[in-house]
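1. What shape does this take:
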Amino acid sequence: MPLQAVEPQRLYRQIAEQLRALIGQGEFAAGARLPAERDLARQLGVSRPTVREALIALEVEGWVEVRSGSGVFARERVPPAEPAVDEAGASEWGPLELIRARRVVEGETAALAAKMAKRRDIDAMRSAIDHMKACADQNIMPLDGDRAFHTAVVLAGENSVLTDTVQSFWDSRRGPVFERLGGHFESVPSWRAAIAEHEAVFDAVKARDANRARTAMQAHLDKSHARFSASWRRANKP
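-> Numbering: from 1, shown residues only. Now for the predicted structure:
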């Protein structure tokens, strides 16, 4: 069965469904390596990050195995202990797509914070970064401090719609696809790099420099996107 181009609506899920069908029908036998990400992207007419999200969804569902440095391989069967096909991330936003959306929204929330932040907001941002550093020093992933920092930034703008939006972005990190993708790259060294990026946002907000705050937040999310992508490329080498 040939691969078909897809329409953009929960795009990575549509791709995952096509690949799942091919594996289920024996087009990719158990243990067979799937085509390289770039080849799948070309055949499907989509971006490589979208293919990446689809493959991660299939990994969560038990249809494929990602072997670091070797590629993505079809599994013999879906283990019964793992989520059902239509449960694993079925309504979840694609993680890389989410980071791009965050870049658009949170760049502006950082600019607003630089214009409007009160002393309590500045203190909350500083406290969140300090908490992130303390966790990293103990080899603990500083997710709570990370969320607290981004929440403090958006709260400074005093807009409940933006606050709810940013918090919904964060809640989506708890989905199985995002967590599995994070498992391929997140480490204490990667978090230390992220903490330095948060410091740049904080310094700009504290200095009341809206343009620099926007740029620093966008740079942070660009680098976050790059960290996710680079790790996946290492795992999915031909």
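2. ok, for the residue minimising distance to the centre of the chain, nearest residue in space, not its chain neighbours?
-> By Cα atoms, centre = their mean, the chain has its centre lying nearest to residue 95, at 3.5 Å. Leaving aside its chain neighbours, residue 95 sits nearest to residue 178 (4.4 Å; criterion: Cβ to Cβ, 6 or more residues apart in numbering). Where you see a C-beta, it was placed from the backbone N, CA and C, and this is true even at glycine.
3. immediately after the helix or strand of the chain with the lowest mean pLDDT, which helix or strand?
-> Within the chain, no helix or strand scores below helix 176-183, which has a mean of 68 by mean pLDDT, DSSP states H and E. Moving toward the C-terminus from helix 176-183, the next helix or strand (DSSP states H and E) is helix 188-206.
4. CA atoms of that next one as CSV?
-> Taking C-alpha atoms only, helix 188-206 is exported to CSV below (Å, rounded to 0.1, in the frame of the first residue of the first chain):
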residue,chain,number,x,y,z
VAL,A,188,20.7,17.8,33.6
PRO,A,189,23.2,19.4,31.2
SER,A,190,20.3,20.3,28.8
TRP,A,191,18.4,21.9,31.7
ARG,A,192,21.5,23.9,32.7
ALA,A,193,21.5,25.4,29.2
ALA,A,194,17.8,26.1,29.5
ILE,A,195,18.4,27.8,32.9
ALA,A,196,20.9,30.2,31.3
GLU,A,197,18.3,31.0,28.7
HIS,A,198,15.8,31.8,31.4
GLU,A,199,18.3,34.1,33.0
ALA,A,200,18.5,36.1,29.8
VAL,A,201,14.8,36.5,29.7
PHE,A,202,14.8,37.5,33.4
ASP,A,203,17.6,40.1,32.9
ALA,A,204,15.7,41.7,30.0
VAL,A,205,12.4,41.8,31.9
LYS,A,206,14.1,43.3,35.0
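5. hmm, who's touching it?
-> 110, 113-114, 117, 122, 125-126, 128-129, 132-133, 136, 139, 141-142, 146, 149, 153, 156, 212-213, 215-217, 219-220, 223-224, 227 (Cβ atoms under 8 Å, 6 or more residues apart in numbering).
6. could you check the angle helix 188-206 makes with the longest helix seen in the chain?
-> Identified as the longest helix of the chain according to DSSP state H is helix 210-235. In terms of direction (axes from the mean of the first three to the mean of the last three Cα atoms, to 10 degrees), helix 210-235 departs from helix 188-206 by 170 degrees.
7. tell me what helix 210-235 is packed against?
-> With contacts taken as 3 or more Cβ pairs under 8 Å, 6 or more residues apart in numbering; DSSP states H and E, helix 210-235 sits against helix 48-61, helix 95-116, helix 176-183, helix 188-206.
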